[in-house]
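Participant: let me see the structure of the following:
(one chain, ligands or ions: 1)
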Amino acid sequence: MARIPLKQLLVDDPKKVLVLDGGQGTELENRGIKVANPVWSTIPFISESFWSDESSANRKIVKEMFNDFLAAGAEILMTITYQTSFKSVSENTPIKTLAAYDNLLTRIVNFSRDCIGEEKYLIGCIGPWGAHVCCEFTGDYGPNPESIDFYQYFKPQLDNFNKNENLDLLGFETIPNIHELKAILSWDESILSKPFYIGLSVHEHGVLRDGTTMEGVAKVIKDLGDKINPNFLLLGINCVSFNQSPGILESLHRALPNVPLLAYPNSGEVYDTEKKIWLPNSDKLNSWDTVVKQYIGSGARIIGGCCRTAPKDILEISTAVKKYT
Ligand SMILES: [Zn+2]
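Facilitator: You can find the predicted model right below:
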């Protein structure tokens, strides 16, 4: 394998900060793919023509998106599998069996590896339980979140991703609820046998979407002590407010000074839920340059963008990463 294992890279090269890619779902939308459906950005991969027809328009769009993120300086990129849980796929597409689902995931991962080449790192992207019921930005997991069987929900995706050598890291993204965080962190190496990270969905006031403070998040990790899965590599925040994100990451760093962090906020635009459009953020307080500088000061080892960030954002991020490392 051309790549140094990520776990080793983080230890051997303590100053290294990896540039992540940007918001793939929204970027596919920018490029003309209609993603408004229950499996969101998974949609291009569901049609058989994506796989059988090398000249399919969607296939070209996905390839070009990866190329543009690479050209902008991304060193670690994600599979487009945020809303690709077995539950979401089997309830909303013609793919109904575990075998067909397994085939879908393997095809997506291997295609993504082909797009990015052997030198770059590939993350198997896993959206939260809340993504299939659209509550990753409220954290409202109903009256009994402690009784949700998170393991059952994630298992088919994990079983596939654990086995695929093309993936370097698994990424649980936009986790808004403390019970889900606890569940993921309770799984040992037999369930999570690859390095993984957890990206938290954090309110702009600096608490997890369900109201848990960053100290409360830190306590879960501290309480696990050395019982924690050794594959747990990084904790961080994603799809959070651009303006508030440096302060939020700093509070996570204060609570967990020895945990490597990652940050990939959204673009700073604001989603108007009534008009269903993104509005420019007129009080954009920061530039990527200042945000990245602060992230690095707070222990970030992977930095990129989430929803509505495009290759031009990744270029600004990679320029700033070079400047500050
Ligand atoms: Zn996002």
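
Participant: if you count neighbours, what's buried in the helix or strand hosting Asn67?
Facilitator: Following DSSP states H and E, one finds Asn67 within helix 57-71. With burial defined by 16 or more other C-beta atoms under 10 Å, the residues of helix 57-71 counted as buried are 58-59, 61-62, 65-66, 68-70. Any C-beta I mention is one placed from the backbone N, CA and C, and that applies to glycine too.

Participant: who are the packing partners of the helix or strand of the chain with the lowest mean pLDDT?
Facilitator: Scoring the helices and strands of the chain by mean pLDDT, DSSP states H and E places strand 270-272 at the bottom, with a mean of 75. Counting contacts by 3 or more C-beta pairs under 8 Å, 6 or more residues apart in numbering; DSSP states H and E, strand 270-272 packs against strand 277-279.

Participant: circling back to that earlier point, would you mind putting the buried residues of helix 57-71 into a markdown table with distance to the ion and pLDDT alongside?
Facilitator: As requested, these are exported to a markdown table (distance: C-beta to the ion, whole Å; pLDDT from 0 to 100):
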| residue | distance to the ion | pLDDT |
| --- | --- | --- |
| Asn58 | 21 | 98 |
| Arg59 | 23 | 98 |
| Ile61 | 19 | 98 |
| Val62 | 18 | 98 |
| Met65 | 15 | 98 |
| Phe66 | 17 | 98 |
| Asp68 | 18 | 98 |
| Phe69 | 15 | 98 |
| Leu70 | 20 | 98 |
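
Participant: what pairs with the least confident helix or strand of the chain, and is each one parallel or antiparallel?
Facilitator: strand 277-279 (antiparallel) (DSSP bridges).

Participant: what lies in contact with the strand it pairs with?
Facilitator: Contacts to strand 277-279, defined as C-beta atoms under 8 Å, 6 or more residues apart in numbering, come from residues 267, 269-272, 308.

Participant: quick one: average confidence on it?
Facilitator: Mean per-residue pLDDT for strand 277-279: 82.

Participant: again, but for stretch 182-197
Facilitator: Stretch 182-197 comes out at a mean pLDDT of 98.

Participant: just the buried residues of the contacts of strand 277-279.
Facilitator: The neighbour-count test (16+ other C-beta under 10 Å) marks 267, 269-270, 308 as buried among these.

Participant: for the residues you listed, which one is nearest the ion?
Facilitator: Arg308 (7.9 Å; C-beta to the ion).

Participant: for Ile116, which non-adjacent residue is closest in space?
Facilitator: Leu77 (5.2 Å; C-beta to C-beta, 6 or more residues apart in numbering).

Participant: can you report how many residues neighbour that neighbour?
Facilitator: 26 (other C-beta atoms under 10 Å).

Participant: up against the ion, what does the stretch 201-325 of the chain have?
Facilitator: Contact residues (C-beta under 5 Å from the ion) of the stretch 201-325 of the chain with the ion: 239, 306-307.

Participant: most neighbours, which of those residues?
Facilitator: Highest neighbour count within these, by other C-beta under 10 Å: Cys306, with 27 neighbours.

Participant: give me the pLDDT value at that one.
Facilitator: pLDDT recorded at Cys306 is 97.

Participant: ok, and the closest non-adjacent residue to it?
Facilitator: In space, Cys306 is closest to Cys239, 4.1 Å off (C-beta to C-beta, 6+ apart).

Participant: sorry, back to before: which one of the buried ones among the contacts of strand 277-279 is nearest Glu29?
Facilitator: Taking C-beta to C-beta as the measure, Glu29 lies nearest Arg308 of the buried ones among the contacts of strand 277-279, at 9.3 Å.

Participant: and the closest one, what does it touch?
Facilitator: 23, 26, 266-267, 269, 278.

Participant: and Val89, by the same measure?
Facilitator: 39, 42, 46, 95, 101, 104.

Participant: can you list the weak-confidence ranges in the stretch 201-325 of the chain?
Facilitator: Within the stretch 201-325 of the chain, the segments meeting pLDDT under 70 span 282-285.

Participant: please, where are all the strands along it?
Facilitator: Listed in chain order, the strands of the stretch 201-325 of the chain (DSSP state E, counting those that start in this stretch) span 232-238, 261-264, 270-272, 277-279, 300-303.

Participant: Gln8: which of these is closest?
Facilitator: Taking C-beta to C-beta as the criterion, strand 232-238 is the member of those that comes nearest to Gln8, at 10.7 Å.

Participant: can you list the strands that that closest one pairs with?
Facilitator: strand 196-200 (parallel), strand 261-264 (parallel).

Participant: got the CA positions of it in CSV?
Facilitator: What follows is strand 232-238, C-alpha atoms only, in CSV (Å, rounded to 0.1, in the frame of the first residue of the first chain):
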residue,chain,number,x,y,z
PHE,A,232,-10.8,5.5,17.8
LEU,A,233,-8.4,8.1,16.2
LEU,A,234,-10.0,11.5,16.1
LEU,A,235,-13.0,13.4,17.4
GLY,A,236,-14.3,16.6,15.9
ILE,A,237,-17.1,18.7,14.6
ASN,A,238,-18.7,18.8,11.2
